[in-house]
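Participant: Make a model of this:
(chains A and B, ligands or ions: 2)
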Amino acid sequence: MDAIIRSRAAYVCRSCTRSLQRQSRRSYSSAPAQPDIYDVVCVGGGPAGLSLLTALRANPVTSHLRMALVEAQDLAKIRSWKLPPDRFSNRCSSLTPSSALFLDQIGAWSHLERDRVQAYQEMQVWDGVTGARIEFDWTPGSAPAAGTTIAYMNENLNLTSGLLSRLGELGGVSMFDNAKVERISHGEETEEMDLREWPVVHLSGGKQLSARLLVGADGANSPVRSFAGIEARGWDYNRHGVVATVELEGEGWGGDHAKIAYQRFLPTGPVAMLPLPGNYSTLVWSTTPSNASLLKSLSPKDFIAMVNAAFRLGPTDLEYMHTQGSGQAEEYSWRLEHTPFDYRAVPQTVMGVQEGTVASFPLKLRHADTYIAERVALIGDAAHTIHPLAGQGLNQGQGDVQSLAKTIEYAVSHGQDIGVTMSLEPYVSERYAANHLLLGVCDKLHKLYSVGSGPLVPLRSMGLSAVNALGPLKTFFMNQAAGNGTKVF
Amino acid sequence: MQPSLRHLPRALRTARQGPRAAAAAAQASLRQQPAPSRKLSTTSPAASSSVNETEISHFSALASSWWDPHGPSRPLHLMNPLRHDFIQSCLSSPPPSPSTTTTTTTTNPRYLDVGCGGGIFAESAARLATTHSVTAIDPSATILSVARAHARRDPSLTKNKLVYLNETIESLPLPLPDQDEQPGGFDIVSLFEVLEHVDYPSAFLERVGQFVRPGGWLVLSTIARTWTSWVTTNVVAEDILGVVPPGTHDWYKYINAGELREWFERKNDGGGGREGGRVWGVPRVMGVVFVPGLGWKEVRGSEKVGNYFLGVQRVA
Ligand SMILES: Cc1cc2nc3c(=O)[nH]c(=O)nc-3n(C[C@H](O)[C@H](O)[C@H](O)COP(=O)(O)OP(=O)(O)OC[C@H]3O[C@@H](n4cnc5c(N)ncnc54)[C@H](O)[C@@H]3O)c2cc1C
Ligand SMILES: C[S@@+](CC[C@H](N)C(=O)[O-])C[C@H]1O[C@@H](n2cnc3c(N)ncnc32)[C@H](O)[C@@H]1O
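Facilitator: Residues are numbered from 1 along each chain as shown, chains lettered A, B, ... in the order given. Ligands and ions are numbered 1, 2, ... in the order given. A predicted model of the protein is given here:
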């Protein structure tokens, strides 16, 4: 209706337009404004929300749906995001081959800056207390050709900016950015229609959007989830994830074509070094909040020493170094001389840290009781937040998107109302158990390795518990690589 | 599996066709074999109506819960997508003979949904982008008011896409030829889960068929009359699982796929068609099974056992 009046206004004099508007207002005097009706309103333009809209627009069955995106941040900044080739953002995620394949299917993968994406083919994971290695290799007989990609390391901004570029190419989505959701209410009943079950999203600035299906892609503190009255249960780990972009002495022990991801389980939490292009790597170090704030306060020289120590020294050495306000660099070189280790079994030495990239995020586990309510669906971190030790958070979101897009496609092609729980049920049944399993595995891994002593530790060195706990995770990783191990570029 | 005698008193209670049918059931159960064949009686009372008042009041009582996804109509909701798949498989099936000229299917079909209930199928058909329009009829005014109220919840279901009429197939005026003297009628006439609830099914089907334009399709779903269906619908679905309320099904009204095939074939005898040829093509049948927790699944050959779809093209 809005659009009709506006398009007429182009041909009609101002005063006539005013009377036209007055007329239309009079006929809906009960409602403050004629509802602006969308089939899909997605709150949150992070990796999950942008992927969903792209998937729906890229599919001819769903492309005619009227869609809107609401995002608090300035999307123009993300769209025009650009860094020189030797600088990397500190928020990186590993994309599994199946996530990459999905992004390729919806036409987004080619919009990523590909020379900023780094594939890796090997994982080295070990117990920081006992030194026992957890082998992520193939069961004999099923070994695929060497060089199979396990995952791709990628900056989150490279992904979101690529998705925005693809969405721009597809067009047709109303973008409301720099717009916070102020409140979500329900629609009204008028003479012609009954929208009392339709969510209405009120934006800062007064705009109102009525949604046949409201998608919560609005992250861990999802306002959409609160609106739907869906409880998210879980706990805080009392750990922070310290991230940083670091420069190593070389491009890795395997060279450019056999990149390795490293993760060492320390009693305070796992520390991971994940390869980026060239000599660069991204660090994810889960540790106590006080250790995290110490790490953030250190000079680059001392920070680098701590990172190198984290992969080489014993837990007691590390514990001591965390009590020092400064001087870790000297402490490290002294202690390193007295610590025997196989230098080729750990990441190459860190030489530098990029300015302004050391940051930390609180870690928690949350799982929503369900992902759907009448005219509401949750995806990504709005539905679940996972410990980052397996690098699965964003990938779970991609799995959600793929499943929800498929569910919506099925509903549209069968004439179902895409907003009702009846249509959305397949999405929950496909994703809930799978996500729950992964949340549980990562949680148990965290707990199993969070102890420095006690009955679990000797078991760990025997590799027994490790193998058992890792069973589903190993299978998961290996299946990801095996099933969809095709290189996307 | 045969119903144990323990269930018989219940059968007697739910059987609304009087002692004759109940006695037949008892007899049949003793013989341990599928039920007697059902004659699709062509004789109907002069003031013809297919409507059985007991059936109508039964469904009217369910009206308020019709759209509750976890209510008694859940199996219908779950079955709905399959109906569209089945219709698609009918529309894309090869024409009966190359010379048939009337089989051109329109790209923007007009639907007539007979016994539409709360509108589960009618709404979904109207929402499809290709649909020209849907006319949906039901003898129960109570259910239709639920259907109309529900359609208002979706602004895309405008009045020119979806119309509900409180009519029986007998009271609905027959379609008139269009301007080019081509016979009128609907491209798709649907009859989902209705046949097992009507009196005089033969006269009813005869009338329903007249609303299908030559080249169009009559598509229906119903339940076969076998001991398995007796157990699954009357004992398992109504009593044990409670997925449908007791009294929904009167097993004696079930019609088997074979009986329907025969019925359509008989209509072709003696050339009921306009040029003395066939009226109906060869029916397509798909058996489906309700798996609790999973929904409806196509199972080959299961039309002999329980629920099935049947689609038949009107060739002339
Ligand atoms: C230290 C760390 C390391 C990680 N490493 C990995 C990894 O290696 N691999 C991996 O797969 N995952 C990883 N993750 C997880 C990953 O970052 C998240 O799972 C992912 O970003 C979630 O995407 P999302 O789109 O669901 O939510 P978000 O990225 O949180 O996006 C939510 C969006 O909603 C917007 N929003 C929120 N509220 C409102 C509102 N009221 N109005 C308007 N807009 C709003 C926000 O501005 C934001 O843009 C890591 C996480 C952490 C903390
Ligand atoms: C099981 S419901 C099926 C409703 C709908 N077709 C669906 O599948 O969603 C049966 C419907 O048939 C209607 N009905 C019963 N007898 C009828 C008759 N003789 N003619 C037309 N409809 C009838 C009832 O009112 C009821 O709405």
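
Participant: Point out the residues in chain A that sit beside chain B.
Facilitator: Residues of chain A lying close to chain B (C-beta under 8 Å from any C-beta of the partner chain) are A:37, A:64, A:192-195, A:197-198, A:212, A:410, A:413-417, A:420-422. C-beta here means a position set from N, CA and C on the backbone, and glycine is covered the same way.

Participant: quick one: low-confidence parts of chain A?
Facilitator: A:1-34, A:134-147, A:448-489 (pLDDT under 70).

Participant: Kindly report the residues of it close to ligand 1.
Facilitator: A:43-49, A:70-73, A:93-94, A:156, A:180-181, A:217-219, A:223, A:241, A:243, A:284, A:361, A:380-381, A:388, A:391-395, A:397 (C-beta under 6 Å from any ligand atom).

Participant: can you tell me which strand in chain B is longest?
Facilitator: strand B:212-223 (DSSP state E).

Participant: Against residue A:224, how distant is the one residue in the stretch 351-489 of chain A that gets nearest to ligand 1?
Facilitator: Per C-beta to the nearest ligand atom, residue A:380 is where the stretch 351-489 of chain A lies closest to ligand 1, at 2.3 Å. According to C-beta to C-beta, to the nearest Å, residue A:380 stands 11 Å off from residue A:224.

Participant: What of residue A:151?
Facilitator: Applying C-beta to C-beta to residue A:151 and residue A:224 gives a distance of 29 Å.

Participant: what's the answer for residue A:350, then?
Facilitator: 40 Å.

Participant: Name the residue in these two with the higher neighbour count.
Facilitator: In this view residue A:350 and residue A:224 are compared by other C-beta atoms under 10 Å in any protein chain shown, and residue A:224 has more residues nearby, 28 against 23.

Participant: Can you spell out which helices and strands pack onto the helix or strand hosting the more buried one?
Facilitator: Element membership of residue A:224, judged by DSSP states H and E, is helix A:223-228. Secondary-structure packing of helix A:223-228 (3 or more C-beta pairs under 8 Å, 6 or more residues apart in numbering or on different chains; DSSP states H and E): strand A:181-186, strand A:208-216, strand A:376-378.

Participant: Go through those strands and name the closest to residue B:151.
Facilitator: Among the helices and strands packed on helix A:223-228, the nearest to residue B:151 by C-beta to C-beta is strand A:208-216 (14.2 Å).

Participant: need the strands for the stretch 251-400 of chain A, in chain order.
Facilitator: A:260-266, A:269-275, A:280-287, A:350-353, A:359-368, A:372-373, A:376-378, A:384-385 (DSSP state E, counting those that start in this stretch).

Participant: how about the fourth one: buried residues?
Facilitator: Of the residues in strand A:350-353, those with enough neighbours to count as buried (16 or more other C-beta atoms under 10 Å in any protein chain shown) are A:350, A:353.

Participant: The longest one now?
Facilitator: Within strand A:359-368, the residues that qualify as buried are A:360-361, A:363-368, counting by 16+ other C-beta under 10 Å.

Participant: For residue B:123, state which of the residues you listed is nearest.
Facilitator: Of all the buried residues of strand A:359-368, residue B:123 sits closest to residue A:368, with 29.3 Å by C-beta to C-beta.

Participant: residue contacts, that closest one?
Facilitator: Residue A:368 sits next to A:225, A:230-232, A:378, A:382-384 when contact means C-beta atoms under 8 Å, 6 or more residues apart in numbering or on different chains.

Participant: ok, and the most crowded of the residues you listed?
Facilitator: Result: residue A:382 is most packed of the contacts of residue A:368 (other C-beta under 10 Å), 31 neighbours.

Participant: I'd assumed residue A:217 was in contact with it.
Facilitator: Yes: in this structure, residue A:382 is within contact of residue A:217 by C-beta atoms under 8 Å, at 6.1 Å.

Participant: Give the intersection of the neighbour lists for the two.
Facilitator: Joint contacts of residue A:382 and residue A:217 (C-beta under 8 Å, 6+ apart) are A:44, A:48.

Participant: before we move on, back to that, which of the strands of the stretch 251-400 of chain A sits closest to residue B:196?
Facilitator: strand A:372-373 (33.2 Å).

Participant: distance of residue A:370 from ligand 2?
Facilitator: Residue A:370 sits 26 Å away from ligand 2, going by C-beta to the nearest ligand atom, to the nearest Å.

Participant: Count the residues that sit near that residue.
Facilitator: There are 17 residues near residue A:370, going by other C-beta under 10 Å.

Participant: just checking, it touches residue A:431?
Facilitator: No: assessed by C-beta under 8 Å, residue A:370 is found out of contact with residue A:431, at 10.6 Å.

Participant: So which bits of the stretch 101-250 of chain B are right by chain A?
Facilitator: Within the stretch 101-250 of chain B, the positions adjacent to chain A are B:123-129, B:131, B:149, B:152-155 by C-beta under 8 Å from any C-beta.

Participant: Quick check: closest non-adjacent residue to residue 79.
Facilitator: Using chain A. residue A:164 (4.7 Å; C-beta to C-beta, 6 or more residues apart in numbering or on different chains).

Participant: actually it's chain B I care about, not the one you picked
Facilitator: The nearest residue in space to residue B:79 (C-beta to C-beta, 6+ apart) is residue B:296, at 5.0 Å.

Participant: what helices or strands is whichever strand or helix holds the one you found leaning on?
Facilitator: In the assignment (DSSP H and E), residue B:296 maps to strand B:295-298. When contacts are defined as 3+ C-beta pairs under 8 Å, 6+ apart, strand B:295-298 packs onto helix B:74-91, strand B:284-291.
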